[in-house]
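Student: coords please:
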Amino acid sequence: MIETAMVELIDRATAECAEQQRPDLHNRLRQIRTRVLDPAQLVLVVGEPKQGKSELINALVNASVCDSGDDVTTLVPTLVRHADHPTAQVVEQEPAGGPTALDRFPVPVEQVRERIGQAIGNGRPVSRGEVGIPRAVLKDGLVLMDTPGFGATSSTLTARTLGVVAEADVLLIVSDATQELTHNELTFLKKVAKLCPNVALVQPKTDVTPHWRKVVEVNQRHLADSGINAKIFPVSSTIRMQAMHAKDAGLNSESGFPQLVEYLRGEALGKHDQLTRRLVAQNVADAVDDLSEALKAELAGQSPRTAAQTLIELETAQRRSEDLRRITGRWQKALSDGIGELFADIEFDFRERSWAITTQIGETFEEADPVPVWDDFAAWLDGALMTAIEENFSWLDRRREQLRDRITDEFLREYPGARPRVEQAALPDPFDQVVPLKQPSNGTYKRFDQVLTGLRGSYGGVLMFGLITSQLGLGLLNVVTICSGLVLGSRSLGEEKDARLRRRQAEAKTTAQRYVENVVFHVNKEAKDVIRATHRALHQHFNQLTEEAQMEISLAIQEIKRTAERSAVDREDRAREIRRKLEELALLRRRAGMLTANRITAA
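Tutor: Okay, here's the model as predicted:
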């Protein structure tokens, strides 16, 4: 009976949204209607990229059902539910059949991510992936859903995440315990709390930071200040997986997962009816409030106004449009100039660091023999280059944030959400892409070659001094000629060794410098790719804000003109219609409020 009444209430609110031409509210309420009629309890896991969402689900069900890692990005939602045997499906939405026409294609469990990537690459309308596994935690109807990260460079991924929020019974917001909640995360929390009021914050990676308790305390204050009622669960997915593998109850308790599992069992399963009531009540109330605000604004515009008032409002709106055009020109020029400066400064910075390394190479091989020190030298060179890369990219991250802040603070202060998140750039690894550092040749001086070099040097000495001593009546071979031959032979041998050493040093310098230049080439290419991606992301973000503001101004101008053209009789008729509609919406709002008090009346 209660379920029927909730569905009827949603249908009434949906009809009002359709009448007021609000497809966004209409679609949200249709999703919630589907959730009310579904006996499963959906727990949605959301968060920014690289926060540990997939690892969290894997740890909850003790199985690698969601791909995770630094190089893995969730493209579409993945649903994990109970099944007697492991199964997996790729779910596609058929546009011709409407929003509920879904095609399911069975795939091997271990190939879900690969098949989803292939389908998206082929242009298929993939809706989500579904995985079924036999797990006790899922047996009573608990369903987990991994989602694409919000706030990513691709706005499509964020839209996909928001698109499924309204379907959830419980939301788990994942933000790792290495840092406090960001502005973007708090903004997203406020937004999704309106779609699903049953929210908890999960903070994984407590095993990698000793200061996670302080972070949890700070986040509790952030949530309280933002008016968000959410519990916080600090956990470690790594420790949980180790505990499950070793069947160690103490280690499992240390992971923090027992408290999270108990919360899910108590909130999602034990309080399913109460949570559903809250979900329906809040979303219907929000939809009605949005419709009422729009109608009240329109009602205020029905009062007669003078030509002077209309002209003032029109001039104000046009002035805002002109100001926006000037602001747009300024931030676009600032962005273009900033990106140009960033290209030049980052390239110069890394070349300057590489020149210092090259100078050190020259100084090293002015004295040292490359052959005996080559292994230590190669390790030092790679370490020095990696340090230079880390410092260069660290500075690149700071400069990107400075560019973002300069555009935001100087030109777009009046627009909320103007400060986008700048993801930390991944460090390049050029050493696998360059030709390995080769040891100089000619490092071995064979004994036979040394003897020949000594004989060549001693021959001249014996002959020269033999001619001199022969004038004194001595033979060609005597003490003087033999000693002189030994001295000159030793000197020739020493000179040849020095010459070989200098050739090895020169070859080592050339080889190492060529290696450094190759690394510089690849690192500069990676840095330029990061800067170009930053340029695209910032331009897309600020351009979207500009377009939204321009659209708002254009709609305001159109409304002012339409209002001025209406006759007094038309305005009065429309005002009476709006008042009647507001009374109906107020009644609907009261019925939604009765849900949380366990009272609901029939229409």
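Student: which residues of the stretch 451-600 of the chain fall in helices?
Tutor: Residue ranges of the helices in the stretch 451-600 of the chain, as given by DSSP state H, counting those that start in this stretch, are 479-565, 568-596.
Student: Rebuild those as JSON lines, extending it with mean pLDDT.
Tutor: As requested, the helices of the stretch 451-600 of the chain are exported to JSON lines (pLDDT from 0 to 100):
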{"stretch": "helix 479-565", "mean pLDDT": "78"}
{"stretch": "helix 568-596", "mean pLDDT": "78"}
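Student: Mean neighbour count and distance to residue 221 added to those, as a markdown table?
Tutor: Quick note: C-beta positions are derived from backbone N, CA and C, even for glycine. Formatted as a markdown table, the helices of the stretch 451-600 of the chain follow (neighbours: other Cβ atoms under 10 Å; distance: least, Cβ to Cβ, whole Å):
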| stretch | mean neighbour count | distance to residue 221 |
| --- | --- | --- |
| helix 479-565 | 16 | 28 |
| helix 568-596 | 15 | 27 |
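Student: okay, the ones you listed in TSV with distance to residue 170 next?
Tutor: Shown next, in TSV, are those (distance: least, Cβ to Cβ, whole Å):
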stretch	distance to residue 170
helix 479-565	31
helix 568-596	16
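Student: wait, which of those is closest to residue 324?
Tutor: Closest approach to residue 324 among the helices of the stretch 451-600 of the chain is made by helix 479-565 (5.7 Å; Cβ to Cβ).
Student: Please tell me how far residue 249 sits from residue 257.
Tutor: 11 Å (Cβ to Cβ, to the nearest Å).
Student: With neighbour numbers in mind, choose between these two.
Tutor: Set side by side, residue 249 and residue 257 show more neighbours around residue 257, with 25 against 10, by other Cβ atoms under 10 Å.
Student: thought that one was touching residue 240?
Tutor: Yes. With contact defined as Cβ atoms under 8 Å, residue 257 counts as touching residue 240 (4.7 Å).
Student: overlap in contacts of the two?
Tutor: residue 59 (Cβ atoms under 8 Å, 6 or more residues apart in numbering).
Student: just for the stretch 101-250 of the chain, where's the confidence low?
Tutor: 101-102, 123, 151-167, 194-195, 197 (pLDDT under 70).
Student: same thing but 90
Tutor: 101-200, 205-213, 215-216, 218-231, 235-250 (pLDDT under 90).
Student: Strands of that one, start to end?
Tutor: 102-106, 126-133, 142-146, 170-174, 199-203, 230-234 (DSSP state E, counting those that start in this stretch).
Student: Give the buried residues for the first one.
Tutor: Under the neighbour-count criterion of 16 or more other Cβ atoms under 10 Å, strand 102-106 has nothing buried.
Student: Then stretch 24-35?
Tutor: 25-26, 28-33, 35.
Student: How far away from the center of its chain is that stretch?
Tutor: 29 Å (Cα atoms, centre = their mean, to the nearest Å).
Student: for stretch 330-337, same thing?
Tutor: For stretch 330-337, the distance to the chain centre is 25 Å (Cα atoms, centre = their mean).
Student: swap in stretch 534-551?
Tutor: Centroid separation for stretch 534-551 versus its chain: 19 Å, with Cα atoms, centre = their mean.
Student: Export it to PDB, keeping only CA atoms.
Tutor: Output of stretch 534-551 as PDB, limited to C-alpha atoms (Å, rounded to 0.1, in the frame of the first residue of the first chain):
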ATOM      1  CA  THR A 534      45.700  21.600 -19.600                       C
ATOM      2  CA  HIS A 535      44.900  24.200 -22.200                       C
ATOM      3  CA  ARG A 536      42.000  22.100 -23.600                       C
ATOM      4  CA  ALA A 537      40.600  21.400 -20.100                       C
ATOM      5  CA  LEU A 538      40.800  25.000 -18.900                       C
ATOM      6  CA  HIS A 539      39.400  26.400 -22.200                       C
ATOM      7  CA  GLN A 540      36.500  23.800 -22.100                       C
ATOM      8  CA  HIS A 541      35.700  24.600 -18.500                       C
ATOM      9  CA  PHE A 542      35.700  28.400 -18.700                       C
ATOM     10  CA  ASN A 543      34.100  28.400 -22.100                       C
ATOM     11  CA  GLN A 544      31.200  26.300 -20.700                       C
ATOM     12  CA  LEU A 545      30.800  28.700 -17.900                       C
ATOM     13  CA  THR A 546      30.800  31.600 -20.400                       C
ATOM     14  CA  GLU A 547      28.200  29.900 -22.500                       C
ATOM     15  CA  GLU A 548      25.900  29.100 -19.500                       C
ATOM     16  CA  ALA A 549      26.100  32.800 -18.400                       C
ATOM     17  CA  GLN A 550      25.400  34.000 -21.900                       C
ATOM     18  CA  MET A 551      22.400  31.600 -22.200                       C
END
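Student: Does residue 89 lie in a helix or a strand, and which?
Tutor: In the assignment (DSSP states H and E), residue 89 maps to strand 87-93.
Student: for the record, mean pLDDT for that strand?
Tutor: Averaged over strand 87-93, pLDDT sits at 80.
Student: buried ones in it?
Tutor: Under 16+ other Cβ under 10 Å, the buried positions of strand 87-93 are 88-93.
Student: tell me what it is packed against?
Tutor: strand 102-106, helix 112-121, strand 126-133 (3 or more Cβ pairs under 8 Å, 6 or more residues apart in numbering; DSSP states H and E).
Student: Serialize the ones you listed to a markdown table and add fields for distance to residue 509.
Tutor: Below are the helices and strands packed on strand 87-93 laid out as a markdown table (distance: least, Cβ to Cβ, whole Å):
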| stretch | distance to residue 509 |
| --- | --- |
| strand 102-106 | 60 |
| helix 112-121 | 47 |
| strand 126-133 | 55 |
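Student: so which of these comes closest to residue 541?
Tutor: Residue 541 lies closest, by Cβ to Cβ, to one member of those: helix 112-121, at 23.3 Å.
Student: can you give me the offset of the closest one from its chain's centre?
Tutor: 20 Å.
Student: Please write out the alpha-carbon positions of it in CSV.
Tutor: Presented in CSV, the C-alpha positions along helix 112-121 are these (Å, rounded to 0.1, in the frame of the first residue of the first chain):
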residue,chain,number,x,y,z
VAL,A,112,34.3,-7.1,-18.7
ARG,A,113,36.5,-4.0,-18.9
GLU,A,114,38.1,-5.0,-22.2
ARG,A,115,34.7,-5.7,-23.8
ILE,A,116,33.3,-2.4,-22.5
GLY,A,117,36.3,-0.5,-23.9
GLN,A,118,35.9,-2.2,-27.3
ALA,A,119,32.2,-1.4,-27.5
ILE,A,120,32.8,2.2,-26.6
GLY,A,121,35.6,2.4,-29.2
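Student: relative to strand 126-133, how tilted is that helix?
Tutor: 170 degrees (axes from the mean of the first three to the mean of the last three Cα atoms, to 10 degrees).
Student: So which bits of helix 112-121 are buried?
Tutor: Quick answer for helix 112-121 (16+ other Cβ under 10 Å): 112-113, 115-116, 119.
Student: which one of those residues sits closest to residue 176?
Tutor: residue 113 (21.6 Å).
Student: who's in contact with the closest residue to residue 589 other than its chain neighbours?
Tutor: Leaving aside its sequence neighbours, residue 589 sits nearest to residue 288 (Cβ to Cβ, 6 or more residues apart in numbering; 4.7 Å). Residue 288 makes contacts with 13, 16, 585, 588-589, 592, as judged by Cβ under 8 Å, 6+ apart.
Student: mind running it again at 6 Å?
Tutor: 585, 588-589 (Cβ atoms under 6 Å, 6 or more residues apart in numbering).
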